[in-house]
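Asks: Pasting the sequence and the predicted coordinates here, then a few questions.
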Amino acid sequence: EKFGDEYSNRCPKEKEKERVMKIMESRGFPGAFASWDCKHFNWKNCSIRLTGQHKGHADGGKKTLIMEAITDPDTYLWYIHFGEPGSLNNINILGKSSIIGSIMDGSFNAKVWEYNINGRMRDWLYFLADGI
């Protein structure tokens, strides 16, 4: 196994989390860990039998596949999933996401040192997200 546990689709180790969060804090986002987004990719050769579930809600209803990814400031992909049908929106994707399950069951440790945002102390990391 060439890449093993050191690459994507894993939870960060404490030292890695600390390094990334220090970068994010220096950029004005204390407590942020990474960016989380979904991207629709056109599927030109979508078969007719899959057209309904892959018809996207944007771009004139083109057939799309969705990639969900979490990446840090160094563009390291901590989590990536590709292949959900284009008929889903970002909220549906998050609802199905295995990373949400990992956060909920505690296997992705989202607890961090305390930081201050708008006068309130927090101790859970967060992700930057666009349009969710």
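Replies: Noted; the coordinates are in hand. Numbering: from 1, shown residues only.

Asks: Pull out the buried residues from the longest strand seen in the chain.
Replies: In the chain, taking DSSP state E as the definition, the longest strand is strand 32-42. Residues 32, 33, 34, 35, 36, 37, 38, 40 are the ones in strand 32-42 that count as buried (16 or more other CB atoms under 10 Å). Placement of C-beta: from N, CA and C, glycine included.

Asks: now these in TSV, with distance to residue 55?
Replies: Formatted as TSV, the buried residues of strand 32-42 follow (distance: CB to CB, whole Å):
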residue	distance to residue 55
32	34
33	33
34	30
35	27
36	24
37	21
38	16
40	11
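
Asks: Can you give the strand pairings for the longest strand of the chain, parallel or anti for each?
Replies: strand 64-71 (antiparallel), strand 126-129 (parallel) (DSSP bridges).

Asks: where do the helices sit along this structure?
Replies: All helices of the chain, identified by DSSP state H, fall at 14-26, 51-54, 90-96, 98-105.

Asks: For residue 117, see how far away residue 29 is.
Replies: 9 Å (CB to CB, to the nearest Å).

Asks: With neighbour numbers in mind, choose between these two.
Replies: Higher neighbour count among residue 29 and residue 117: residue 29, with 17 against 12, using other CB atoms under 10 Å.

Asks: Give me the below-cutoff pLDDT ranges for the protein.
Replies: Applying pLDDT under 70 to the chain flags the ranges 1-8, 58-59, 131-132.

Asks: Fine, thanks again, bye for now.
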